[in-house]
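Chemist: okay, structure incoming, though there's no sequence with it:
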């Protein structure tokens with residue numbers, strides 16, 4: 001029975017990155033051996049155990065065989081005669097197919113260390129094509145490691161394209177697509193996720209609403225990058241800089257301009273009304289992928305209201321209050337922060353505007369505070385009741401914002 005540290009922990013050590021998860025493979029053991037040593041079983045499809053003291057995962061070395069479509073269509077074989085090399089061979093990328101023995105020696109049968117040095121994301125074996133989730137994982141790892149200079153190997157991209165042509169991607173369940181997308185939106189350079197999927201041909205299958213944005217022109221005086229798809233990529237990366245690891249901001253950034261794909265051709269490159277046209281495709285995307293309600297709601301608010309945020313200084317006080325109450329910002333100020341961060345990312349996701357100031361955010365924060373300072377207490381003291389209280393509060397809040405505009 002031999003134990004090895006495997007996967008991401010080994011990869012991140014070589015990259016000099018913090019190691020968060022420690023996963024292990026055990027060669028030469030049976031499930032009953034693990035139970036006798038006090039390990040707790042957790043795996044449903046194959047033998048995975050938690051260490052009795054550290055709670056880290058230990059899996060028995062295993063092989064897998066394709067038995068059907070999709071990522072569920074596999075049969076696993078775990079036995080003491082399965083070697084470490086066989087276990088590593090079933091992994092997706094060479095940089096994830098390394099191990100470290102108990103003495104700290106690197107076991108690297110598929111050249112993962114070389115690919116780390118060369119900054120390449122490369123598949124381990126032709127069996128890569130059997131699991132469609134791997135396409136999403138490669139795109140997600142591109143989003144994580146693109147800032148370090150990693151690119152997808154040509155031969156691996158060819159396999160991704162083959163997976164799309166063969167229809168494997170069509171069998172991905174919505175929950176898994178969303179899970180991988182959510183992780184990608186939390187990475188350092190999420191634009192790389194879109195680029196890999198698009199080059200593979202998978203963006204049109206999984207995210208047709210986003211794929212449709214590429215090639216749609218915008219007015220150069222506002223968008224020097226011209227192409228709406230490129231703009232969305234830039235907004236995603238701006239969001240990642242402004243709110244590292246926040247997939248809620250990332251999803252708002254991803255979907256804020258979906259309406260531009262629906263602009264009549266004769267109106268291009270202007271996009272009058274795109275903020276309202278974008279609601280329907282956003283709802284369709286969110287429903288198809290079973291996106292969490294909070295993500296879907298805030299993304300819709302950003303889609304519909306981001307132009308009002310950009311025009312904050314021009315808004316009438318009543319319109320500003322309507323914007324804030326629509327966000328439920330008076331009760332839940334954190335929603336306003338998410339909204340404003342996504343709007344700031346939209347401003348900065350333009351060629352030459354990557355560091356632009358966005359004073360509208362501070363102004364809307366002040367407007368929210370001014371409106372929230374108005375409570376029902378003085379109106380109750382005046383003897384107002386029912387709807388009269390609500391009307392008086394709204395009027396006072398509008399006036400508070402108006403006074404702020406005058407003072408500013």
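Modeler: Looks like it came in fine. On a predicted model such as this, the values are computed, not experimentally measured, just so you know. Residues are numbered from 1 along each chain as shown.

Chemist: mind jotting down where the strands sit in the stretch 51-200 of the chain?
Modeler: For the stretch 51-200 of the chain, strands defined by DSSP state E, counting those that start in this stretch occupy the ranges 57-60, 62-66, 74-78, 99-100, 106-107, 120-121, 151-152.

Chemist: select, out of those strands, the one closest to residue 134.
Modeler: strand 120-121 (10.9 Å; Cβ to Cβ). Placement of C-beta: from N, CA and C, glycine included.

Chemist: and the contacts of the closest one?
Modeler: Contact with strand 120-121 is made by 93, 95, 115, 138, 141, 142, 145, 150, 151, 152, 153, 156, as judged by Cβ atoms under 8 Å, 6 or more residues apart in numbering.

Chemist: recalculate using a threshold of 7 Å.
Modeler: With contact meaning Cβ atoms under 7 Å, 6 or more residues apart in numbering, strand 120-121 is reached by 93, 138, 141, 142, 150, 151, 152, 153, 156.

Chemist: phi, psi of residue 56?
Modeler: The phi/psi pair for residue 56 (degrees, to the nearest 10) reads phi -80, psi 160.

Chemist: so what's the residue count around the nearest residue to it once chain neighbours are set aside?
Modeler: With sequence-adjacent residues excluded and distances taken as Cβ to Cβ, 6 or more residues apart in numbering, residue 56 is closest to residue 22, at 4.9 Å. Other residues within reach of residue 22, judged by other Cβ atoms under 10 Å, total 16.

Chemist: hmm, residue 22 is touching residue 58, no?
Modeler: No. Counting by Cβ atoms under 7 Å, residue 22 sits too far from residue 58 to count as a contact (9.7 Å).

Chemist: next, the buried residues of the helix ranked longest in the chain.
Modeler: Using DSSP state H, we find that the single longest helix of the chain is helix 387-407. Buried residues in helix 387-407, counted by 16 or more other Cβ atoms under 10 Å: 392, 393, 394, 396, 397, 398, 400, 401, 402, 404, 405.

Chemist: can you lay out the residues you listed as TSV showing distance to residue 231 and pLDDT?
Modeler: Below are these laid out as TSV (distance: Cβ to Cβ, whole Å; pLDDT from 0 to 100):
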residue	distance to residue 231	pLDDT
392	44	93
393	40	93
394	37	94
396	40	96
397	35	96
398	34	97
400	36	96
401	31	96
402	34	95
404	32	87
405	31	69
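
Chemist: can you tell me which of those is nearest residue 361?
Modeler: Nearest to residue 361 out of those is residue 404 (Cβ to Cβ; 14.7 Å).

Chemist: so what's the closest residue to the closest one other than its chain neighbours scoring on pLDDT?
Modeler: Spatial nearest neighbour of residue 404, chain neighbours left out: residue 370 (4.8 Å); criterion: Cβ to Cβ, 6+ apart. Residue 370 is assigned 96 on the pLDDT scale.

Chemist: swap in the one 4 residues further on?
Modeler: Here, the pLDDT recorded for residue 374 equals 94.

Chemist: gap between residue 251 and residue 223?
Modeler: The gap separating residue 251 from residue 223 is 21 Å, by Cβ to Cβ, to the nearest Å.

Chemist: which of those two has more residues huddled nearby?
Modeler: Ranked by neighbour count (other Cβ under 10 Å), residue 251 and residue 223 place residue 251 first, with 29 against 20.

Chemist: not counting sequence-adjacent ones, nearest residue to that one?
Modeler: residue 295 is the one closest to residue 251 (Cβ to Cβ, 6+ apart), at 4.9 Å.

Chemist: got the contact list for the helix or strand where the one you found lies?
Modeler: Assigned by DSSP states H and E, residue 295 belongs to helix 293-310. Applying Cβ under 7 Å, 6+ apart, the contact partners of helix 293-310 are 248, 251-252, 255-256, 258, 275-276, 278-279, 282, 286, 315, 323, 326-327, 335, 338-340, 342-343, 346-347, 360, 364.

Chemist: redo the strands of the stretch 51-200 of the chain as a markdown table? Include mean neighbour count and mean pLDDT.
Modeler: Converted to a markdown table, those look like this (neighbours: other Cβ atoms under 10 Å; pLDDT from 0 to 100):
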| stretch | mean neighbour count | mean pLDDT |
| --- | --- | --- |
| strand 57-60 | 22 | 90 |
| strand 62-66 | 16 | 73 |
| strand 74-78 | 15 | 67 |
| strand 99-100 | 21 | 96 |
| strand 106-107 | 15 | 97 |
| strand 120-121 | 23 | 98 |
| strand 151-152 | 20 | 98 |
